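# Coordinates for the following, if possible.
(4 chains)
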2 protein chains.
Amino acid sequence: MRRTRFDDWPCPIARATDLIGDWWTPLIMREAFSGQRRFDEFQSALDAPRAVLTARLKRLCAEGMLERVAYQQSPPRYEYRLTDKGRAFWDVLAAMWRWGSDWLWTDAAPPVVLKDRQTGRVVRPLVVDEQTGEHLDVRTVRIGRAPSSS
Amino acid sequence: MRRTRFDDWPCPIARATDLIGDWWTPLIMREAFSGQRRFDEFQSALDAPRAVLTARLKRLCAEGMLERVAYQQSPPRYEYRLTDKGRAFWDVLAAMWRWGSDWLWTDAAPPVVLKDRQTGRVVRPLVVDEQTGEHLDVRTVRIGRAPSSS
DNA sequence: GCGACTAAGTTCGCTTGTTGAACTGACTCG
DNA sequence: CGAGTCAGTTCAACAAGCGAACTTAGTCGC
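Here you go, the predicted structure:
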């Protein structure tokens, strides 16, 4: 009777949900993107229960989003670094950022924004069709069987 | 000692996580996007526990992502329709779709794709900077304080 | 060499959330 | 009148999340 797993469903959203649908997980990734690496850094940045943090980091490593790397031998200490897969996940967080900024502040504007590291310009993530560059509209898109590769 | 809420954190990712970080919730939204509206449609499409589905639909309505609308008077029956806020959430699901497709099928390609409703062309969502149209790279972006609007 | 400190977890008792299955109530249809 | 439909609710067992305290292996200041 354990929590239903989605990680073998034939749908990208379901599999992704299995990972980030976990409590705390997207926030851990956010911290990783903003440069945190060590257990205690994550812990104090998020104020998450240590046991939960342990479980999440273990899962993220198992999934190949983070890598557990020794940064000193004695006493043995490890830090958690983003892998390519983990870095690619930034796109999802950026989409969440945009949607959250647009729809989750009814009263005022959110106190934080994304900025270009060089120019300082405010950056607004947008989800588009790779081919056309047009904003992806729900109404124009449907879910379909993949074309057979044979 | 209840589950830590993120919905008043000053970060768009945190607030979004509070919503979609919930088990089942992104999948319910996916079903909503593919046209499901009724309680039993969601239930049988996902095979989710009915009690959980009730709780999630209630939450999504409270958050203004869905609307509970009577579609007949007697007996009173309700369906759940996407609001503008809910429709806007498609961007996040699209980003999850893309990332999941790219990184969560190690063995083969995913069996489902997004297609243009008219042309049938396969559509690949991409997260870009709204200004430049360039793919958003983690390394070029940082989190910063919002410019004061005064 | 002794006590305080540090980093990275683990353990524990308690509360909340999830699960599957069965049940309910108001109606309609044959 | 009995079966069926829809939109939930209820229940008991179990899993997961919570905060706080504890552990382990080493270093640093004195």
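
# residues in contact with A:Lys115?
A:Lys115 sits next to A:121-123, B:141-144 when contact means C-beta atoms under 8 Å, 6 or more residues apart in numbering or on different chains. C-beta here means a position set from N, CA and C on the backbone, and glycine is covered the same way.

# please redo it, this time with the cut-off set to 6 Å
Residues in contact with A:Lys115, defined by C-beta atoms under 6 Å, 6 or more residues apart in numbering or on different chains, are A:122, B:142, B:144.

# what's across from it in the sheet?
Beta-bridge partners recorded for A:Lys115 (DSSP bridges): A:Val122, B:Arg142.

# circling back: now list the buried members of the contacts of A:Lys115.
Taking 16 or more other C-beta atoms under 10 Å in any protein chain shown as the criterion, what is buried in the contacts of A:Lys115 is B:Arg142.

# Keep the contacts of A:Lys115, but drop any that are not near DNA strand D.
Among those, no residue sits close to DNA strand D (C-beta under 7 Å from any atom of the strand).

# Flag the shaky bits of chain A, pLDDT-wise.
A:1, A:149-150 (pLDDT under 70).

# thinking again about what came up before, and which of the contacts of A:Lys115 is nearest to B:Tyr78?
Nearest to B:Tyr78 out of those is A:Val122 (C-beta to C-beta; 41.0 Å).

# correct me, but the closest one touches A:Val113?
Yes - A:Val122 lies in contact with A:Val113 (C-beta atoms under 6 Å); the separation is 5.0 Å.

# re the thing from before, tabulate the contacts of A:Lys115 (TSV), appending distance to B:Leu46.
Below are those laid out as TSV (distance: C-beta to C-beta, whole Å):
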residue	distance to B:Leu46
A:Val122	38
B:Arg142	38
B:Gly144	39
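
# ok, which stretches of chain A are strands?
A:66-72, A:77-82, A:112-116, A:122-123, A:125-129, A:141-145 (DSSP state E).

# how many neighbours does A:Pro75 have?
Look at A:Pro75: counted by other C-beta atoms under 10 Å in any protein chain shown, it has 5 neighbours.

# hang on, the earlier thing: looking at the strands of chain A, which is nearest to DNA strand C?
strand A:77-82 (4.1 Å; C-beta to the nearest atom of the strand).

# Can you tell me which helices and strands that closest one packs against?
strand A:66-72 (3 or more C-beta pairs under 6 Å, 6 or more residues apart in numbering or on different chains; DSSP states H and E).

# Give me the sheet partners of the strand it packs on and which way each runs.
strand A:77-82 (antiparallel).

# Please save the CA atoms from the partner strand in CSV.
Once non-C-alpha atoms are left out, strand A:77-82 reads as follows in CSV (Å, rounded to 0.1, in the frame of the first residue of the first chain):
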residue,chain,number,x,y,z
ARG,A,77,32.8,14.5,3.2
TYR,A,78,30.6,14.6,0.1
GLU,A,79,28.9,17.2,-1.9
TYR,A,80,26.1,17.1,-4.5
ARG,A,81,26.7,18.3,-8.0
LEU,A,82,24.4,18.8,-10.9
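
# which outside residues touch it?
Strand A:77-82 is contacted by residues A:32, A:37-38, A:57, A:66-71 when judged by C-beta under 6 Å, 6+ apart.

# Give the ChimeraX command for selecting the buried subset of those.
In ChimeraX, this line selects whichever of the contacts of strand A:77-82 come out buried by 16+ other C-beta under 10 Å:
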select /A:32,37,57,66
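
# wait, which of the contacts of strand A:77-82 is closest to B:Arg117?
Looking across the contacts of strand A:77-82 and measuring by C-beta to C-beta, the closest to B:Arg117 is A:Ala32, at 36.8 Å.

# Can you give me the separation between that closest one and chain B?
10 Å (C-beta to the nearest C-beta, to the nearest Å).
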